[in-house]
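Chemist: Next comes the sequence, and after it the predicted model I'd like to discuss.
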Amino acid sequence: MNPPSSTSSKESAPVSTQRFRRKTATEEPSPRDRDARSEATGRTVRLDDLHAYYGEQHAVKGVDLEFAPNRVTAIIGPSGCGKSTLVRCINRMHEEIPGAYATGRISLDDTDVYGDGVDVVSVRRVIGMVFQKPNPFPTMSIADNVAAGLKLSGVRGADVKERVERSLRGAGLWDEVKDRLDRPGMGLSGGQQQRLCIARTIAVEPEVILMDEPCSALDPVATLRVEELIEELKSRYTIVIVTHNMQQAGRVADSTAFMLSGDLVEFGPTQQIFTNPGDERTEQYVTGKFG
Ligand code: ADP
Ligand code: MG
């Protein structure tokens, strides 16, 4: 996780030689393992002194934060404060932007996500992401949208069908689409499309799900449905949700982080952040005085 070599920095991350662990198809969990997994299995994501840049622009300024397994953590703060940048660092999407880089350390349990020998593609499989605007693959059917990532990871035949059904059930969409799996994903409503994208994300069995304002393009009913789904998913994943909607953070998040101008101002139990924050800036934000 080093900046371009022209920029020497004392903040560069300690290099881990540990390979990024990912179960291969031959190490599939047995159904029993899977049951155990569904009880308590998320992983801890830790940020240590995370800085993120777009060229000269310093968008995230030394954030230390821990996302607990099987919990939902919300990130709130005014537009432009660095929420999206921070979550895109977690699954290494930030570095895809020309000129963008990050320093510090991000770990998933004991594994350095930016360590030497870590395969970026497997990072993104293990740390899945759902975006603001539902983005089903436009030419694909509902089933193929969910299967898209599976085929890349070598799952074939009947297993694909089974995993598609399991993922659609997991995303709370199966009953609505089971009779039209071969119809285009784009034909679904916005809320259904977002749940389809969640199904696509969980199909490859990630450990962590990042959601960047997943409901901001949805109507209130669809929003509620996705929020219920988030509540269900947390028994199996570590969930990070960026939201500009404070009521939503209040409804879904166990913990909330408040950011301002690239800094993490405050992090704590959601209830405390909203009712008894320790920092005056948090109080002003949650009471609607700015943002
Ligand atoms: P938020 O998600 O909280 O609205 P962002 O993480 O998108 O904030 O943006 C943080 C800062 O980084 C902002 O100042 C924004 O203008 C800048 N930024 C975001 N994306 C880019 C980009 N692709 N290139 C340059 N600057 C960017
Ligand atoms: Mg954003």
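Modeler: Now that the structure is in, tell me what you want to look at. Numbering: from 1, shown residues only. Ligands and ions are numbered 1, 2, ... in the order given.
Chemist: CA atoms for contacts and neighbours, from now on please.
Modeler: Fine.
Chemist: can you map out the strands along the protein?
Modeler: Ranges of strands in the chain, per DSSP state E, are 45-54, 57-67, 72-76, 100-108, 111-112, 127-130, 208-212, 238-242, 255-260, 263-269.
Chemist: export those to CSV and tack on distance to ligand 1 and mean pLDDT?
Modeler: Listed next are the strands of the chain as CSV, based on distance: least, CA to the nearest ligand atom, whole Å; pLDDT from 0 to 100:
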stretch, distance to ligand 1, mean pLDDT
strand 45-54, 5, 98
strand 57-67, 5, 98
strand 72-76, 8, 98
strand 100-108, 8, 98
strand 111-112, 22, 96
strand 127-130, 14, 96
strand 208-212, 8, 97
strand 238-242, 8, 98
strand 255-260, 8, 98
strand 263-269, 11, 98
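Chemist: I'd like these laid out as JSON lines, including mean neighbour count.
Modeler: What follows is these, written out as JSON lines (neighbours: other CA atoms under 10 Å):
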{"stretch": "strand 45-54", "mean neighbour count": "22"}
{"stretch": "strand 57-67", "mean neighbour count": "19"}
{"stretch": "strand 72-76", "mean neighbour count": "27"}
{"stretch": "strand 100-108", "mean neighbour count": "23"}
{"stretch": "strand 111-112", "mean neighbour count": "20"}
{"stretch": "strand 127-130", "mean neighbour count": "24"}
{"stretch": "strand 208-212", "mean neighbour count": "26"}
{"stretch": "strand 238-242", "mean neighbour count": "27"}
{"stretch": "strand 255-260", "mean neighbour count": "24"}
{"stretch": "strand 263-269", "mean neighbour count": "18"}
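Chemist: Ok, which of these comes nearest residue 189?
Modeler: Taking CA to CA, strand 127-130 is the member of those nearest to residue 189, at 16.5 Å.
Chemist: How about residues contacting that closest one?
Modeler: 90-91, 197-198, 201-202, 206-212, 214 (CA atoms under 8 Å, 6 or more residues apart in numbering).
Chemist: Quickly check these for the two that are furthest apart.
Modeler: Greatest spatial distance in the contacts of strand 127-130: 90 and 197, 19.0 Å, computed using CA to CA.
Chemist: any idea which helix or strand of the chain has the worst average confidence?
Modeler: The weakest-scoring helix or strand in the chain, judged by mean pLDDT, DSSP states H and E, is helix 31-39 (a mean of 45).
Chemist: ok, residue 102 touching residue 53?
Modeler: Yes: counting by CA atoms under 8 Å, residue 53 is a contact partner of residue 102 at 6.1 Å.
Chemist: could you pull out the helices for the stretch 151-291 of the chain?
Modeler: All helices of the stretch 151-291 of the chain, identified by DSSP state H, counting those that start in this stretch, fall at 158-170, 174-177, 190-203, 220-233, 246-252, 270-275, 280-286.
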